[in-house]
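Participant: quick one: sequence and predicted model below, then my questions.
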Amino acid sequence: DVKVTQSSRYLVKRTGEKVFLECVQDMDHENMFWYRQDPGLGLRLIYFSYDVKMKEKGDIPEGYSVSREKKERFSLILESASTNQTSMYLCASSEGGQNYGYTFGSGTRLTVV
Amino acid sequence: AQSVTQLDSQVPVFEEAPVELRCNYSSSVSVYLFWYVQYPNQGLQLLLKYLSGSTLVKGINGFEAEFNKSQTSFHLRKPSVHISDTAEYFCAVTPRGGAQKLVFGQGTRLTINP
């Protein structure tokens, strides 16, 4: 069964810490995405990547960065965590082309205290 | 740019009743449309998608949606709901031929009462 795996289900971090959220897909997909999910706001795109070492800003990139050194792994980095970054983070991948098939991970619920 | 509006944040219905979850979108270019479901403590699962062809799209779990270009809508329907349909539902769009970024609505929480 194809998968997008997020390394942590729950994380609690302190304000000012550098936080890494990891996402790995086993489908050889070209595209990978990081979304943030908040009640009443739906999912908002933080960053996406359409190839190794390529990245593009989404709608809410401030306070975040990303890394894609290998095709299967897409990392989200909070340079200095703040309480307003407490949220559910969802990773997704898609194979590109005309399929438009996305696969989502189960999410990481991050709490910044 | 695209935007998606889900007109109801919460929809309570009784078991075996029909349900419609409403979705409107705005875009200056043609789009593909999607409905996703999120069960408690899980990621998103695709219910159905409209890429081309018939405007009535059938998905999993007995759901269907109809694309109405003139009204820029993509409402989701099910003729008879079950307790297991309790979940949050998201409508999403992406521009045709673009970078495949999904733009999501705010979500509709569907609650099924026995």
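Facilitator: Ah, there it is.
Participant: contact partners for residue B:42?
Facilitator: Counting by C-beta atoms under 8 Å, 6 or more residues apart in numbering or on different chains, residue B:42 touches A:106-107. (Glycine included, C-beta is placed from N, CA and C.)
Participant: go on, residue B:85?
Facilitator: Counting by C-beta under 8 Å, 6+ apart, residue B:85 has contacts B:19, B:61, B:78, B:110, B:112.
Participant: now those: which count as buried?
Facilitator: B:19, B:78, B:110, B:112 (16 or more other C-beta atoms under 10 Å in any protein chain shown).
Participant: separation between the first one and residue B:89?
Facilitator: Note on residue B:19: its distance to residue B:89, by C-beta to C-beta, to the nearest Å, is 10 Å.
Participant: next one: the third one
Facilitator: Shown here: residue B:110 relative to residue B:89, a distance of 6 Å by C-beta to C-beta.
Participant: which residues do those two both contact?
Facilitator: Shared contacts of residue B:110 and residue B:89 (C-beta under 8 Å, 6+ apart): residue B:21.
Participant: one step back: mind picking the two most distant members of the buried ones among the contacts of residue B:85?
Facilitator: Using C-beta to C-beta, these span at most 10.4 Å, a distance reached by B:78 and B:112.
Participant: write out the residues of chain B neighbouring chain A.
Facilitator: By the rule C-beta under 8 Å from any C-beta of the partner chain, the part of chain B lying against chain A is B:4, B:6, B:9, B:32, B:34, B:36, B:41-46, B:49, B:51, B:90, B:92, B:94, B:99-107.
Participant: got the residues of chain A near chain B?
Facilitator: Contacts of chain A with chain B, taken as C-beta under 8 Å from any C-beta, map to A:4, A:31, A:33, A:35, A:40-45, A:48, A:50, A:56, A:58, A:90, A:92, A:94, A:96, A:98, A:100-102, A:104-107.
Participant: what helix or strand does residue B:94 sit in?
Facilitator: strand B:87-95 (DSSP states H and E).
Participant: now that strand - C-alpha only, CSV.
Facilitator: Backbone C-alpha positions of strand B:87-95 (Å, rounded to 0.1, in the frame of the first residue of the first chain) are rendered in CSV as follows:
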residue,chain,number,x,y,z
ALA,B,87,-16.3,13.4,9.5
GLU,B,88,-15.0,16.7,8.1
TYR,B,89,-15.3,17.2,4.4
PHE,B,90,-13.1,19.5,2.3
CYS,B,91,-13.7,20.9,-1.1
ALA,B,92,-10.6,21.8,-3.1
VAL,B,93,-9.6,23.2,-6.5
THR,B,94,-6.4,23.4,-8.6
PRO,B,95,-5.9,25.3,-11.9
